[in-house]
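J.: Here's a sequence, model it:
(chains A, B, C and D)
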Protein chains: 2
Amino acid sequence: MKYRRIPDETIQRLPMYLRGFSLLEDEKEETVSSRRLAVRLGLNPHQIRKDLSYFGSFGRRGVGYPVRATAQRIRRILKLDKTQKAALIGAGRLGTALVAYPGFSSFNLEIAAIFDKDPQKIGKKIGHLRVESIERLSGLRKRKIQLAILAVPAEAAQSVTEKLVKAGVKGLLNFSPGHLKVPASVKKIDIDLASQLSILPYYL
Amino acid sequence: MKYRRIPDETIQRLPMYLRGFSLLEDEKEETVSSRRLAVRLGLNPHQIRKDLSYFGSFGRRGVGYPVRATAQRIRRILKLDKTQKAALIGAGRLGTALVAYPGFSSFNLEIAAIFDKDPQKIGKKIGHLRVESIERLSGLRKRKIQLAILAVPAEAAQSVTEKLVKAGVKGLLNFSPGHLKVPASVKKIDIDLASQLSILPYYL
DNA sequence: TTTTATTTGTGCTCACATTCACAAACACAA
DNA sequence: TTGTGTTTGTGAATGTGAGCACAAATAAAA
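T.: Numbering: from 1, shown residues only, chains lettered A, B, ... in the order given. Sure thing, here's the model as predicted:
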């Protein structure tokens, strides 16, 4: 296929595909067709094929996609073939829940540091990590942590973000409500829990 | 404007607009132009105007949007002018964090019941609510709870969902990974935390 | 009243994602 | 070797949302 810009939407679906392939890997399946995979994931086969084709030829016609190889290739694309470390900012309830969240490890994601402003929390253990002072964010570059999860109150979000950017963070998963300004070089994903829930009543 | 289908994307932005208007309400602002609001929210004025116009005429030319009235109108559209009750299923760490989450109340959203399967957790207090047995989900209809937040392990998600649908739930905020089958009459929003985080490394 | 500066509301255009349709590639049986 | 049934990969068609430009409406100054 001639070069075409890869849609963000495609990138966003890759983790879903990866989860599907990983599960099939565990089930010792050798190959899977786009049709079978589509049924499992609840979407349509055309989209799976088109999405994967952006990254080259993955499957064999008449056969399907080789499970193990394709899983590995998607991991490579998403840079999940090596463990990716993320810093968590905010050791409140949500932050604590995220540390214990079991879903990250299957994607080779690891929360490798926790920061908080509150002196009461600093030094405390959460999981197997100790909460560090927010003053130590500047050490992230040395520790090769380029991802951050922001779970602080809205008022603190912008100033913490600026510290993170200075510390070399390139990807941000933001749970704080409201608009966060980041340089174009930083990829930001917003998860606004209250907004998400408040959409539902509309459809009642 | 002649009738046009309202895009889902527009609905998804309404909570953002509502938060903007609510804040301006607190600041005792009388009116706001799409331009000023756009700066605050970090998006463009055309989109705000187009989105609002789907629901009729909101503002006055040369002046802007009346803050209080527009906020109230958006609340009405989203059915947030009355408190909306939601049930939380799954009293794990994530569920517990959600109960304490302060962001819901400003949208008139309330977690009004908590359910779990684990007998160890049933009867325990979380916030000011007691954890109930999952067997009691069928009582949701009588309690007029039509929204549910699903924070259970992936294995349990489908069966719980079916119980919820039977109990008359019409809107579902799903934190469980994987594909969940729901009837077309039920609106489902998925928040897959691991998938979201795993998108970030791609952009490094 | 007239002019100037704003600002909304909306038809239109453009860009882009999704879906379709089909040729090419493969497996396997006859 | 030929034929049949799959399945991928992709150009093309379709559908849809975002961005734009501008007329209409308003306020305030001249």
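
J.: Which residue is the nearest non-sequential neighbour of A:Pro15?
T.: B:Ser195 (3.8 Å; Cβ to Cβ, 6 or more residues apart in numbering or on different chains). The way it works is simple: take the backbone N, C-alpha and C, and place the C-beta from them, glycine included.

J.: Let me know the secondary structure of the one you found.
T.: helix (DSSP: H, G, I helix; E, B strand; the rest coil).

J.: Thought A:Arg19 was touching it, still the case?
T.: Yes: contact criterion Cβ atoms under 8 Å: B:Ser195 and A:Arg19 qualify, at 7.4 Å.

J.: Among those two, which residue is more densely surrounded?
T.: A:Arg19 (25 against 19; other Cβ atoms under 10 Å in any protein chain shown).

J.: Could you pull up the contacting residues of the more buried one?
T.: Counting by Cβ atoms under 8 Å, 6 or more residues apart in numbering or on different chains, A:Arg19 touches A:106, B:177-178, B:195.

J.: cool, and A:Ile199?
T.: B:11-12, B:14-15, B:78, B:189.

J.: same thing but at 6 Å, please
T.: Counting by Cβ atoms under 6 Å, 6 or more residues apart in numbering or on different chains, A:Ile199 touches B:Gln12.

J.: Now name the helix or strand holding it.
T.: Using DSSP states H and E, A:Ile199 maps to helix A:193-199.

J.: Going along the chain from the top helix by length along chain A, find the next helix or strand for me.
T.: Ranked by number of residues, the top helix in chain A under DSSP state H is helix A:8-26. Downstream of helix A:8-26, the next assigned helix or strand under DSSP H and E is strand A:31-32.

J.: Need the contact partners of that next one.
T.: Identification of contacts with strand A:31-32 by Cβ under 6 Å, 6+ apart yields A:24, A:63-67.

J.: CA atoms only: put the helix or strand following it into PDB for me.
T.: Downstream of strand A:31-32, the first helix or strand assigned by DSSP H and E is helix A:34-41. Output of helix A:34-41 as PDB, limited to C-alpha atoms (Å, rounded to 0.1, in the frame of the first residue of the first chain):
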ATOM      1  CA  SER A  34     -10.200 -11.200  10.700                       C
ATOM      2  CA  ARG A  35     -13.800 -12.500  10.800                       C
ATOM      3  CA  ARG A  36     -13.300 -14.600  14.000                       C
ATOM      4  CA  LEU A  37     -11.300 -11.900  15.700                       C
ATOM      5  CA  ALA A  38     -14.000  -9.400  14.800                       C
ATOM      6  CA  VAL A  39     -16.700 -11.500  16.500                       C
ATOM      7  CA  ARG A  40     -14.600 -11.700  19.600                       C
ATOM      8  CA  LEU A  41     -13.900  -8.000  19.800                       C
END
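
J.: re the thing from before, pull the CA atoms of the helix holding A:Ile199 into CSV?
T.: The C-alpha trace of helix A:193-199 is given here as CSV (Å, rounded to 0.1, in the frame of the first residue of the first chain):
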residue,chain,number,x,y,z
LEU,A,193,-14.7,10.3,34.8
ALA,A,194,-17.5,12.7,35.7
SER,A,195,-18.0,13.8,32.1
GLN,A,196,-18.2,10.3,30.9
LEU,A,197,-20.8,9.3,33.4
SER,A,198,-22.8,12.5,32.8
ILE,A,199,-23.2,11.5,29.1
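
J.: Show me what counts as buried in it.
T.: A:193-199 (16 or more other Cβ atoms under 10 Å in any protein chain shown).

J.: hang on, the earlier thing: just the buried positions in the longest helix of chain A, please.
T.: For helix A:8-26, the neighbour count (16+ other Cβ under 10 Å) marks A:10-11, A:13-24 as buried.

J.: quick one, what contacts the closest residue to A:Ser34 other than its chain neighbours?
T.: The spatially closest residue to A:Ser34, leaving aside those adjacent along the chain, is A:Pro45, at 4.0 Å (Cβ to Cβ, 6+ apart). By Cβ under 6 Å, 6+ apart, A:Pro45 lies in contact with A:34-35, A:38.

J.: quick one, strands of chain A?
T.: Per DSSP state E, chain A has strands spanning A:31-32, A:65-66, A:84-89, A:109-116, A:125-126, A:129-133, A:147-150, A:171-174, A:187-190. These are given in chain order.

J.: Could you give me the buried positions within stretch A:114-126?
T.: Quick answer for stretch A:114-126 (16+ other Cβ under 10 Å): A:114-117, A:121-122, A:126.

J.: Closest one of the residues you listed to A:Val182?
T.: A:Phe115 (17.7 Å; Cβ to Cβ).

J.: Can you tell me which residues in chain A are near DNA strand D?
T.: A:1-2, A:32-35, A:45-46, A:49-50, A:52-53, A:57-65 (Cβ under 7 Å from any atom of the strand).

J.: Give me the buried subset of the residues you listed.
T.: A:32-34, A:49, A:52, A:58-59, A:64-65.

J.: For A:Leu172, state which of those residues is nearest.
T.: Of these, the one sitting nearest to A:Leu172 (Cβ to Cβ) turns out to be A:Leu52, at 27.4 Å.

J.: so what's the closest one closest to, chain neighbours aside?
T.: According to Cβ to Cβ, 6+ apart, the nearest residue to A:Leu52 is A:Phe58 (4.7 Å).

J.: ok, now which ones touch the one you found?
T.: A:Phe58 neighbours (Cβ under 6 Å, 6+ apart): A:52, A:65, A:70.

J.: Against chain B, how distant is the first one?
T.: For A:Leu52, the distance to chain B equals 15 Å [Cβ to the nearest Cβ, to the nearest Å].

J.: Around DNA strand C, pick out the residues from chain A.
T.: Counting by Cβ under 7 Å from any atom of the strand, the residues of chain A close to DNA strand C are A:5, A:7-10, A:43-44, A:46-47, A:49-50, A:60-63.

J.: What is the nearest of those to A:Val131?
T.: A:Asp8 (33.9 Å).

J.: circling back: among the buried residues of stretch A:114-126, which pair sits farthest apart?
T.: The largest separation in those, counting by Cβ to Cβ, is between A:Lys117 and A:Ile126 at 15.0 Å.

J.: re the thing from before, now flag whichever of the buried residues of stretch A:114-126 is closest to chain B.
T.: Each of the buried residues of stretch A:114-126 was checked against chain B using Cβ to the nearest Cβ; the closest is A:Ile126, at 10.8 Å.

J.: Okay, now the unreliable bits of chain A?
T.: Across chain A, the ranges flagged by pLDDT under 70 are A:1-2.
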